[in-house]
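Student: After the sequence you'll find the predicted model.
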Amino acid sequence: MLFERLMNKSAQGMSINTIILIVLGLIILVVFAFVLGGKFTDFGRTASQCDGRCVASISECRSSNGAPIPMNNCKEDSGVGIEGEGFCCKFLT
């Protein structure tokens with residue numbers, strides 16, 4: 001009897017369209033916050049920065065027991081870098 005009463009209740013609440021619109025609105029707000037806060041430029045600067053050592057070839061990195069990550073315009077924290085195609089050699093610990 002209780003089960004029948006629960007099954008006969010009509011659904012109440014937000015529709016799926018409303019939920020989708022709310023989620024899209026939140027995503028747009030987050031993107032605006034990043035753009036207005038200038039975080040995209042910070043991301044671009046740190047994405048090209050190497051916290052290992054910039055090398056010109058994979059073999060140079062592997063010979064020193066590192067993991068090569070392809071990067072354009074690789075720059076180390078010290079300011080030393082390689083213009084154009086190179087590798088950020090991260091050392092395995």
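Tutor: Ah, there it is. Numbers count the residues shown, from 1 in each chain.
Student: hey, which helix or strand in this protein has the poorest pLDDT?
Tutor: Every helix and strand of the chain was ranked by mean pLDDT, DSSP states H and E. The lowest is helix 39-47, at a mean of 52.
Student: and the helix or strand following that helix, which strands flank it?
Tutor: Remark: after helix 39-47, the chain's next helix or strand is strand 49-50, criterion DSSP states H and E. Here strand 49-50 has these sheet partners by DSSP bridges: strand 66-76 (parallel).
Student: what about the partner strand, distance to the chain center?
Tutor: Here the centre of strand 66-76 is set off from its chain's centre by 17 Å, with C-alpha atoms, centre = their mean, to the nearest Å.
Student: got the CA coordinates for it in PDB?
Tutor: Coordinates of each C-alpha in strand 66-76 appear next as PDB, following Å, rounded to 0.1, in the frame of the first residue of the first chain:
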ATOM      1  CA  GLY A  66      65.100  12.300 -17.100                       C
ATOM      2  CA  ALA A  67      61.700  12.300 -18.700                       C
ATOM      3  CA  PRO A  68      61.500  14.600 -21.800                       C
ATOM      4  CA  ILE A  69      58.400  16.700 -22.300                       C
ATOM      5  CA  PRO A  70      58.200  18.500 -25.700                       C
ATOM      6  CA  MET A  71      58.000  22.300 -25.400                       C
ATOM      7  CA  ASN A  72      58.200  25.300 -27.700                       C
ATOM      8  CA  ASN A  73      60.400  28.100 -26.300                       C
ATOM      9  CA  CYS A  74      61.400  26.200 -23.200                       C
ATOM     10  CA  LYS A  75      62.500  28.400 -20.300                       C
ATOM     11  CA  GLU A  76      64.000  27.400 -17.000                       C
END
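Student: Right, I'll leave it there.
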